[in-house]
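Undergrad: no FASTA, just this:
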């Protein structure tokens, strides 16, 4: 009787083991293949392949405002572009300032005659909603970051909504250089 129960239990274990070892291709797990620094190929069960190439990143040294809003701080932004332009540097500074809860709106940025001009929206910092010291730090963050990273840049100017920069704390003519190399 004991042998019969043992044989029945062994039979069930073998049977369940065989059921559990079924065809693994029936699962819904897509497969992925890749080597370091190479495109990743995903193959879902539908048989279609999707290749995603890794993007290269470039370290971009920029300036932002410290967490206590009292000084400029050097940070490194990672950007996906290999060619650094005034727009890429400006976007990186805007993003870094958001880390200090300062939300700057830039209307436009352009490079002409070795001078980068950043045009700010009148309804956001640095033009409004901040005091003179924070406004100066924001302008310095843009100025230093652009001078350090835009090839051939010799000066920085600022405008508001396409005209004179006027905030109540600072005023600059559209062609006035705020910072130069």
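TA: Received it, and whenever you're ready, just let me know what you need. Small disclaimer: the values here were computed from a predicted structure and weren't measured.

Undergrad: quick one, domains of the chain?
TA: Listed by automatic domain parsing, the domain ranges of the chain are 24-54, 58-180.

Undergrad: mind putting the ones you listed in JSON lines, mean pLDDT and distance to residue 9 included?
TA: Bear in mind the C-beta positions are built from the backbone N, C-alpha and C, glycine included. JSON lines is the format used below for the domains of the chain (pLDDT from 0 to 100; distance: least, CB to CB, whole Å):
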{"stretch": "domain 24-54", "mean pLDDT": "57", "distance to residue 9": "27"}
{"stretch": "domain 58-180", "mean pLDDT": "95", "distance to residue 9": "60"}
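
Undergrad: among the ones you listed, which is the most enclosed?
TA: domain 58-180 (a mean of 17; mean count of other CB atoms under 10 Å).

Undergrad: now it, how far from the centre of its chain.
TA: Distance, stretch centre to chain centre, for domain 58-180: 17 Å (CA atoms, centre = their mean, to the nearest Å).

Undergrad: which residue ranges form the helices in this structure?
TA: Under the criterion DSSP state H, helices of the chain are mapped to 2-20, 86-98, 132-149.

Undergrad: Bridge partners for residue 112, pull those for me.
TA: Beta-bridge partners recorded for residue 112 (DSSP bridges): residue 115.

Undergrad: From residue 177, how far off is it?
TA: The gap separating residue 112 from residue 177 is 12 Å, by CB to CB, to the nearest Å.

Undergrad: Same question for residue 69.
TA: 26 Å.

Undergrad: With residue 139 instead?
TA: To residue 177, residue 139 is 12 Å away according to CB to CB.

Undergrad: Surely residue 162 is in contact with residue 107?
TA: Yes - using CB atoms under 8 Å, residue 162 is in contact with residue 107, at 7.3 Å.

Undergrad: any common contacting residues for those two?
TA: Counting by CB atoms under 8 Å, 6 or more residues apart in numbering, the contacts common to residue 162 and residue 107 are residue 119.

Undergrad: contact partners of stretch 125-140?
TA: Stretch 125-140 has contacts (CB under 8 Å, 6+ apart) with 63, 65, 69-72, 97, 102-104, 120-122, 158, 160, 165, 167, 169-170, 178-179.
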